[in-house]
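> below are the sequence and a predicted model; questions follow.
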Amino acid sequence: MASDNNPMLRDGITGDWIGTFLGHKGAVWQARLSADAAISATAAADFSAKVWDTYTGECLHTLQHAHIVRAIAFPIQANPQVLATGGAEKKLRIFDLSRGGSSTGGGGSNGSSPPLPTPSSGGGENNTDAVTSYEIGAGVHGGTIKSIVWNQDYNIVTTAAEDRKIRWWDLRSRHPVLEYGVDGAIGSCELNSLAVRPNDTGILTVAAGKSVYLFDGLRPGQLLKKIDFGYEVASAAVNSDSGRLVTGSANDTWARVYDLNTNEELEVQKGHHGPIWSISFSPDGKLYGTGSEDGTIKLWKACRDPYGLWR
């Protein structure tokens, strides 16, 4: 989260600053890059989501909401013209950034993504830029939406909310396919997949209460493993290739690395000065980043080979 309202774009290998997106008037809760990294989107406390050109820094769209926007997601497929948002409105919204009355959802010229369901015209009553949107599952969420994940199946979107429910939604029917209740407050929910593994379906990793839940990335609601800890887990990420799980806690400042198969603690990474609210592996699995309340993001080497600045 960017408490200073200014999300930054940085080099993923060196950490070097590339630019700052200026325009939000409230803390930025989440930021995401499109599959082709040509645009990014931010969710903020100023009741808006913004879409940015990553090359020029220009704000392309401002999507007004009626409350704080906590979560945002692009499709994994190469279709940057569709965006999902959620937050304190308790509404999952799908936006068509192409502004057309009917969204094709095609993944560029190759049409690799299936069509997105045709939205109702003017579905977003508060949307600036006349961007067309529609709501999925009206009235279902019982709490703030904290995370949105676009699945490998283009038609399936996952939400994690403060009502302690993980829900898988079918965009075609606009109804939940399945929901799963967890035992504590949800900290993070991420789809962890590796670019080095072709057709990797990924693992949906949920940190909730004192547990981490690992779901099959392709089969909604299919629990692969639940791991219990002696502390409140605020964030988690897995690397299925190396068999590693990294967690952050709401009660301390350490990142802990575990063996995914035996649950044995292998390392404790110290250096942050605040709780670690976000963890993510790089697409090649050789790095992982931790985002902390201390206002820093730290990159940690997760491989034995030389990598970037690490020798």
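Okay, I see it.
> in stretch 284-297, which residues are buried?
Of the residues in stretch 284-297, those scored as buried under the neighbour-count criterion (16 or more other Cβ atoms under 10 Å) are 285, 286, 287, 288, 289, 290, 291, 292, 293. All C-beta atoms are positioned from the backbone trio N, CA, C, and that covers glycine.
> between the two ends of it, how far is it?
With Cα to Cα, to the nearest Å applied, stretch 284-297 spans 19 Å between its terminal residues.
> out of the buried residues of stretch 284-297, which is nearest to residue 91?
When these are compared for distance to residue 91, the smallest value, 25.6 Å, is given by residue 291; criterion: Cβ to Cβ.
> so which of the buried residues of stretch 284-297 are in strands?
Using DSSP state E to define strands, the subset of the buried residues of stretch 284-297 located there is 287, 288, 289, 290, 291, 292.
> is it correct that residue 261 is in contact with residue 243?
Yes. Counting by Cβ atoms under 8 Å, residue 243 is a contact partner of residue 261 at 5.5 Å.
> can you name every helix or strand that the helix or strand where residue 224 lies contacts?
Residue 224 is part of strand 223-228 when elements are defined by DSSP states H and E. Of the remaining helices and strands, those touching strand 223-228 by 3 or more Cβ pairs under 8 Å, 6 or more residues apart in numbering; DSSP states H and E are strand 211-216.
> strand partners (parallel or antiparallel) of the strand it packs on?
In the sheet containing strand 211-216, its partner strands are strand 203-208 (antiparallel), strand 223-228 (antiparallel), by DSSP bridges.
> how far is it from where the chain is centred?
Distance, stretch centre to chain centre, for strand 211-216: 15 Å (Cα atoms, centre = their mean, to the nearest Å).
> what does that strand contact?
Around strand 211-216, the neighbours that count as contacts under Cβ atoms under 8 Å, 6 or more residues apart in numbering are 166, 180, 182-184, 201, 203-206, 221-229, 233, 236, 238, 245, 247.
> so how do I select the buried members of those in PyMOL?
Filtering these down to the buried ones (16+ other Cβ under 10 Å) takes a single PyMOL command:
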select buried, resi 166+180+182+201+203+204+205+206+227+229+233+236+238+245+247
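> quick one: buried residues of stretch 30-44?
Quick answer for stretch 30-44 (16+ other Cβ under 10 Å): 30, 31, 32, 33, 34, 35, 39, 40, 41, 42, 43, 44.
> contact partners of that stretch?
Among residues not part of stretch 30-44, those counted as contacts by Cβ under 8 Å, 6+ apart are 1-2, 5, 7, 9, 21, 24-29, 49-55, 60, 68-80, 83, 85, 87, 147.
> out of those residues, which sit inside strands?
Residues from the contacts of stretch 30-44 lying in strands, with DSSP E as the criterion: 9, 28-29, 49-53, 60, 69-73, 83, 85, 87, 147.
> quick check on those: which are buried?
9, 28-29, 49-52, 69-73, 83, 85, 87, 147.
> just give me the closest of these to residue 95.
residue 83 (4.5 Å).
> just the pLDDT for that closest one.
Reading off the per-residue confidence, residue 83 sits at a pLDDT of 94.
> can you check the one 4 residues further on too?
pLDDT, residue 87: 96.
> cool, residue 25 as well?
In the predicted model, residue 25 carries a pLDDT score of 89.
> stretch 20-38: end-to-end distance?
15 Å.
> could you chop the protein up by domain?
1-181, 184-311 (automatic domain parsing).
> least reliable of those domains going by mean pLDDT?
If you rank those by mean pLDDT, domain 1-181 sits at the bottom with a mean of 81.
> as a markdown table, the strands paired with strand 211-216 with distance to residue 298 would be great.
Below are the strands paired with strand 211-216 laid out as a markdown table (distance: least, Cβ to Cβ, whole Å):
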| stretch | distance to residue 298 |
| --- | --- |
| strand 203-208 | 18 |
| strand 223-228 | 23 |
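> contacting residues for the spatially closest residue to residue 221 that is not a sequence neighbour?
Take residue 221 and drop its neighbours on the chain: the residue closest to it by Cβ to Cβ, 6 or more residues apart in numbering is residue 178, 4.0 Å away. When contacts are counted by Cβ under 8 Å, 6+ apart, residue 178 is found next to 167, 168, 220, 221.
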